[in-house]
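> what follows is a predicted protein model with its sequence.
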Number of protein chains: 2
Amino acid sequence: MWLSRRFKFCPSCGAEVRYQVPADDNRERATCPSCASIHYENPINVVGTLPIWEGAGGGVQVLLCRRAIEPRLGKWTLPAGFLELGETTEQGALRETDEEAGAHIELGPLYGLMNVVKAGQIHLFYRARLLSTTFNPGPETLEARLFHEHELPWDEIAFHTVRDTLRHFFADWHAGQGFPLHCGDISY
Amino acid sequence: MWLSRRFKFCPSCGAEVRYQVPADDNRERATCPSCASIHYENPINVVGTLPIWEGAGGGVQVLLCRRAIEPRLGKWTLPAGFLELGETTEQGALRETDEEAGAHIELGPLYGLMNVVKAGQIHLFYRARLLSTTFNPGPETLEARLFHEHELPWDEIAFHTVRDTLRHFFADWHAGQGFPLHCGDISY
Ligand SMILES: [Zn+2]
Ligand SMILES: [Zn+2]
């Protein structure tokens, strides 16, 4: 079982925590011997979009961002980032698309939900329709541009969930039967 | 903007944290003046199932659990709980169904994804087919039983996302056009 040990001290009172199984529980948790509080660690959500531009000639392009930050500095990704408190998954996906690409989009349905268990993350991607081809990348992005399928930098994609989402999209696009939700797990 | 202020002390070094906006960020975070670490707070995931029993006569029943713990002690819920590190959303939904109801199921596709923004939670429900009608509720459950639609205790349902999921299921069941994913937000 993969477990994080992020807590050394109690965030409520500052005492040193112990990892032990609380009563009525079956997993070790950061428990505080001083104030008796229990501090849980849970997977977190990464939300983003798959922004698509449909040209007049029937072709289709996807927006990728080249990362200006670690991890995967210099690699290409779909716009995505950590979901924040106070927002829905849709709002978070829109915000990240704005922050990382400065792209104007109309949000579509959920398209990918992938568990990245070893990172303690769930990645959610929404389909999105680009409303313009003018982008304004933020400080986390070196460059934002559109790619036709044959131009995609497959060896330079930042994350496995991004690669899977791009593969699903172009397979669904060619099949012409719609864009169902793709669920999956990344097990490494 | 809804913000949590869960951290008073740094979980890495035990010093008192300050809530301030880090460089290259736009939100207040728990930042440690002593060890310079930043501690993020993010929404967490609740995963569960909608366990269905299809009787020989064409009728359908759903499994609910009466809660033995707060919040909503004594109210009825679908089996669900917090996703843990080290498991996928599907594994978590299966585990909760086992822990809370002791039910044997075959997991189906994702059926509901709801943001409960004020609670800082995302609720995910998977459809599930019951393989038997023998249950073995755990310590968090007073009682686990099957309900026909006309028996459902609508005024005694523990959570809004459970009520919505049940409503969607019986509407889809009557419509007879399949069980598409329902996404939604609980905004109170
Ligand atoms: Zn404490
Ligand atoms: Zn510190």
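Received it, and whenever you're ready, just let me know what you need. Numbers count the residues shown, from 1 in each chain, chains lettered A, B, ... in the order given. Ligands and ions are numbered 1, 2, ... in the order given.

> just how off-centre is stretch A:84-102 within its chain?
Centroid separation for stretch A:84-102 versus its chain: 10 Å, with Cα atoms, centre = their mean, to the nearest Å.

> again with stretch A:150-161
15 Å.

> for stretch A:179-187, same thing?
Distance of stretch A:179-187 from its chain centroid, counting by Cα atoms, centre = their mean, is 13 Å.

> just the mean pLDDT for it, thanks.
For stretch A:179-187, the mean pLDDT works out to 94.

> how long is that stretch end to end?
24 Å (Cα to Cα, to the nearest Å).

> residue contacts, the residue of chain A positioned farthest from its centre?
Residue farthest from the centre of chain A, counting by Cα atoms, centre = their mean, is A:S34 at 37.0 Å. With contact set as Cβ atoms under 8 Å, 6 or more residues apart in numbering or on different chains, A:S34 has these partners: A:10, A:13, A:15. (Each C-beta comes from the backbone N, C-alpha and C, glycine too.)

> how close does A:L83 get to ligand 2?
For A:L83, the distance to ligand 2 (Cβ to the ion, to the nearest Å) stands at 24 Å.

> would you map the helices across chain A?
With helices called from DSSP state H, chain A shows them at A:89-101, A:160-175.

> for chain A, what lies in contact range of ligand 1?
A:10, A:12-13, A:15, A:32, A:34-35 (Cβ under 5 Å from the ion).

> ok, back up a step: tell me which of the helices of chain A is the most buried.
helix A:89-101 (a mean of 22; mean count of other Cβ atoms under 10 Å in any protein chain shown).

> who does the spatially most central residue of chain A form a beta bridge with?
In chain A, the centroid-proximal residue (Cα atoms, centre = their mean) is A:V46; its distance is 3.3 Å. Applying DSSP bridges to A:V46 gives these bridge partners: A:F82, A:H123.

> for A:R145, the count of nearby residues, please.
The number of residues packed near A:R145 is 16, by other Cβ atoms under 10 Å in any protein chain shown.

> circling back to that earlier point, the residue nearest to the centre of chain A contacts A:T77, doesn't it?
No. Using Cβ atoms under 8 Å, A:V46 is not in contact with A:T77; the gap is 10.5 Å.

> thinking again about what came up before, tell me which of the helices of chain A lies nearest to B:L152.
Closest to B:L152 of those is helix A:89-101 (Cβ to Cβ; 28.1 Å).

> where does the prediction get shaky in chain A?
Chain A contains residues with pLDDT under 70 at A:1-3, A:188.

> in it, what residue lies closest to ligand 2?
A:F9 (8.0 Å; Cβ to the ion).

> that residue: neighbour count?
Applying other Cβ under 10 Å, we find 20 residues neighbouring A:F9.
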